[in-house]
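[1] Just the structure for this:
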Amino acid sequence: MDTKYLEIIKAPVITEKGSTLAQEEGKYLFKVDPKATKSEIKDAVEKIFKVKVERITTINVKPKKRRVGRYAGMTNKYKKAIVKLAEGQTIDLG
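    Prediction:
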């Protein structure tokens, strides 16, 4: 496996809503490189997980204000990809 694919897909986004999407609709959420295109994300997911990707939707997540005690700051911005797999295919993230 090529290391450039691992640089595109940063990490899975595991949330309650995301796990519901995976079970019901075959969609998976990933944090991806902000400069990655949909075709690059599709190639990376297909090569890393050996599945067939039907569709990619991307979202730029904006930073949010966070506060810890008297220290205020912002969370990091990132790009999120929603990956729809072909019928009957799954990815084991656990």
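
[2] Just confirm residue 46 is within a helix.
    Yes - according to DSSP: H, G, I helix; E, B strand; the rest coil, residue 46 belongs to a helix.

[3] what's near enough to touch it?
    52, 53 (Cβ atoms under 8 Å, 6 or more residues apart in numbering). For every residue, glycine as well, the C-beta is placed using N, CA and C.

[4] Could you do residue 77 as well?
    Residue 77 sits in contact with 34, 60, 61, 62, 63, where contact means Cβ under 8 Å, 6+ apart.

[5] and these as a markdown table, adding secondary structure?
    Shown next, in a markdown table, are the contacts of residue 77 (three-state DSSP):
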| residue | secondary structure |
| --- | --- |
| 34 | coil |
| 60 | strand |
| 61 | strand |
| 62 | coil |
| 63 | coil |
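
[6] Could you list everything the one residue sitting closest to the centre of the chain pairs with in the sheet?
    The chain has residue 30 as the residue nearest its centroid, 1.1 Å off, counting by Cα atoms, centre = their mean. Beta-bridge pairing of residue 30 under DSSP bridges involves residue 12, residue 81.

[7] which SS class is the residue lying closest to residue 31 once chain neighbours are set aside?
    In space, and not counting its chain neighbours, residue 31 is closest to residue 10: 4.2 Å by Cβ to Cβ, 6 or more residues apart in numbering. Three-state call for residue 10 (three-state DSSP): strand.

[8] distance of residue 10 from residue 44?
    10 Å (Cβ to Cβ, to the nearest Å).

[9] Check what pLDDT residue 32 gets.
    On pLDDT, residue 32 comes in at 96.

[10] Does it touch residue 11 like I think?
    No - applying Cβ atoms under 8 Å as the test, residue 32 and residue 11 come out as separate, 9.1 Å apart.

[11] Please say which of those two ends up with more neighbours.
    More neighbours surround residue 32 than the other of residue 32 and residue 11, with 26 against 11 (other Cβ atoms under 10 Å).

[12] Good, wrapping up.
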